[in-house]
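> this is a predicted model, with the sequence first.
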Amino acid sequence: GAGVSQSPRYKVAKRGQDVALRCDPISGHVSLFWYQQALGQGPEFLTYFQNEAQLDKSGLPSDRFFAERPEGSVSTLKIQRTQQEDSAVYLCASSSWPDNQPQHFGDGTRLSIL
Amino acid sequence: AQSVTQPDIHITVSEGASLELRCNYSYGATPYLFWYVQSPGQGLQLLLKYFSGDTLVQGIKGFEAEFKRSQSSFNLRKPSVHWSDAAEYFCAVGYASGGSYIPTFGRGTSLIVHP
């Protein structure tokens, strides 16, 4: 029984580079959530998918952030032209209907922008 | 907008002692409330949630929380703490969106357990 898997675990990029972070939810889970967690803070919501539909993207901080889930399973969070303030842990969570809130979180991707 | 305040950044208890972690929320409608735990090297785990009904909610690992509307609080309790409970605890209030309730997290309370 695999849990939510995120890759890579660690990512170092230079300012201005584009990065892509991957999330493999638990098989069959309809809902998928992305959060950003800065050091010493609570997670902050980025975006939410139900199957392939992105139903809420109100937390994406700028148009440099883009998320997709084209086949309703794996999701990718892309950050273009990275800035130092993008350094954080990016968390992915999934859940199954009807418990439609983030239940199972991955270990996260720690992104460091130099 | 909804928000959560966790007034204690750190809490230190002795193993076997009782625990209460405070959480106050701000939300205009009926709140949907959560407690999560984040252990070192592990992902966030949902401890319990409150949507409606009985105001005393039982969760995993022996935790419970009580919703008090008059105090806008949702405090987490455990009668006897184990060393393995040392972790970061997050309270969250959820807003309705697209069939889900999206948690907005507090900044967390770090629990330290002394032997």
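It's in. Numbering: from 1, shown residues only, chains lettered A, B, ... in the order given.

> any idea of the mean pLDDT in stretch B:105-115?
The pLDDT scores in stretch B:105-115 average 96.

> quick one: it near chain A?
Yes - on the criterion CB under 8 Å from any CB of the partner chain, stretch B:105-115 is in touch with chain A at B:105-108. Bear in mind the C-beta positions are built from the backbone N, C-alpha and C, glycine included.

> list the contacts of residue 103.
With no chain named, the answer covers chain A. A:93-95, B:46 (CB atoms under 8 Å, 6 or more residues apart in numbering or on different chains).

> ah, I was thinking of chain B
A:45, A:101-102, B:34, B:36, B:92-94.

> that one sits in which helix or strand?
Take DSSP states H and E as the rule and B:P103 turns out to sit in strand B:100-105.

> and the helix or strand just after that strand, how far out from the chain's middle?
Next along the chain after strand B:100-105, taking DSSP H and E as the criterion, comes strand B:109-114. When C-alpha coordinates are averaged (CA atoms, centre = their mean, to the nearest Å), strand B:109-114 and its chain have centres 14 Å apart.

> A:L114: which of the contacts of B:P103 is nearest?
The closest of those to A:L114 turns out to be A:F45 (CB to CB; 26.4 Å).

> count of residues packed around the residue nearest to that closest one when sequence neighbours are not counted?
In space, and not counting its chain neighbours, A:F45 is closest to A:G59: 4.1 Å by CB to CB, 6 or more residues apart in numbering or on different chains. Residues contacting A:G59 under the criterion other CB atoms under 10 Å in any protein chain shown number 17.
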